[in-house]
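A.B. asks: predicted model and sequence below, questions to follow.
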Amino acid sequence: DPGAEPRRPWTASYAVARGDDVWLGSTPDAAALAAAGEQGIRVIVDLRGHEEKSGAVRAEASRLGLTLREVPFVRGEPITVDAVRAVTEIVADAETGSVLVFCASGQRAAAWWAARMIEGDGVGLERALERARRAGVSHAPTIAALEAFAREVEARKEVDRLAEGLSGTLMQRLGSAIEE
C-alpha cells in the first residue's frame with residue numbers, strides 16, 4: 001500500500017513526511033526552507049490561519065525564490081471540500097514532489113492529505129486515517145475533523161445519487177407528457 005514514508009529529517013530540527021506526491025510538515029524555519037529548496041521544493045502551501053502567521057515564512061520563501069500559497073485550514077474549524085480541492089489543485093499544477101504542505105504542527109497538513117484521499121480518490125476513512133497516522137496525524141480533534149469530513153463527503157455523494165435518480169424520473173415523466 002503506497003502511503004506516507006516515515007518522517008525524515010531535512011535539518012537537525014525539522015522533519016517531513018512524504019505523502020505520495022507531496023511533502024507534509026510543520027511550519028518550516030529558515031534552515032528548513034533552505035533545505036526544502038535543496039530537496040527540489042518549489043511551492044510551499046501554508047494551511048495556518050491568519051492569527052498563526054508571523055510573516056517570517058513569507059519573507060524567507062520570497063528570499064529563496066519559493067512560491068508561497070495560502071489556503072487556511074483554521075485550527076478547530078471543520079475541513080471543507082473547497083479548501084481540500086484548492087490545495088489539491090495547487091499540488092496537481094506543480095511538478096511531482098515539488099510541494100511542501102505545512103501548518104503549525106503538521107497535523108492539518110497530514111489531515112489535508114487524508115481528506116484528499118477521501119474526497120478525490122474515494123479512499124475509505126479507515127484506510128485514509130491509517131495512512132495519515134504514518135504521516136503524523138495523532139491529535140483527537142484532527143481525527144474527529146477527518147471523520148466529520150468523511151461523513152460530509154458521503155452525504156454529498158448520497159444527495160448527488162438521489163438528485164440523479166429524481167432527474168431521470170422527471171425527464172421520463174416530461175417525455176411521457178409531451179408524447180400525450
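C.D. replies: Perfect, thanks for sending it. Numbers count the residues shown, from 1 in each chain.
A.B. asks: and the closest residue to Glu52 other than its chain neighbours, how many residues sit next to it?
C.D. replies: Ranked by C-beta to C-beta, 6 or more residues apart in numbering and with sequence neighbours excluded, the top spatial neighbour of Glu52 is Ala104, at 5.6 Å. All C-beta atoms are positioned from the backbone trio N, CA, C, and that covers glycine. Residues lying near Ala104 (other C-beta atoms under 10 Å) number 16.
A.B. asks: so who does Ala104 touch?
C.D. replies: With contacts defined as C-beta atoms under 8 Å, 6 or more residues apart in numbering, Ala104 is in contact with 26-27, 48, 52, 75.
A.B. asks: same list, those, but as CSV with pLDDT please.
C.D. replies: Output for those, formatted as CSV (pLDDT from 0 to 100):
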residue, pLDDT
Ser26, 93
Thr27, 94
Arg48, 94
Glu52, 88
Arg75, 86
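A.B. asks: if we can go back for a sec, report pLDDT for the residue nearest to Glu52.
C.D. replies: pLDDT, Ala104: 92.
A.B. asks: what of the one 3 residues further on?
C.D. replies: The predicted structure scores Gln107 at 92 on the pLDDT scale.
A.B. asks: over to the one 3 residues further on?
C.D. replies: Here the pLDDT value assigned to Ala110 is 93.
A.B. asks: host element of Val57?
C.D. replies: Per DSSP states H and E, Val57 falls inside helix 56-64.
A.B. asks: so what's Gly168 up against?
C.D. replies: Contacts of Gly168 (C-beta under 8 Å, 6+ apart): none.
A.B. asks: name the residues of the helix holding Val57 that come out as buried.
C.D. replies: 57, 60-61 (16 or more other C-beta atoms under 10 Å).
A.B. asks: likewise for stretch 144-152?
C.D. replies: So, applying 16+ other C-beta under 10 Å, buried residues of stretch 144-152: 145-146, 149-150, 152.
A.B. asks: between those, which sits nearest Ile118?
C.D. replies: Set against Ile118, the nearest of those by C-beta to C-beta is Ala150 (5.2 Å).
A.B. asks: look up the closest residue to the closest one, ignoring the ones flanking it.
C.D. replies: Closest to Ala150 by C-beta to C-beta, 6+ apart is Leu125, at 4.1 Å.
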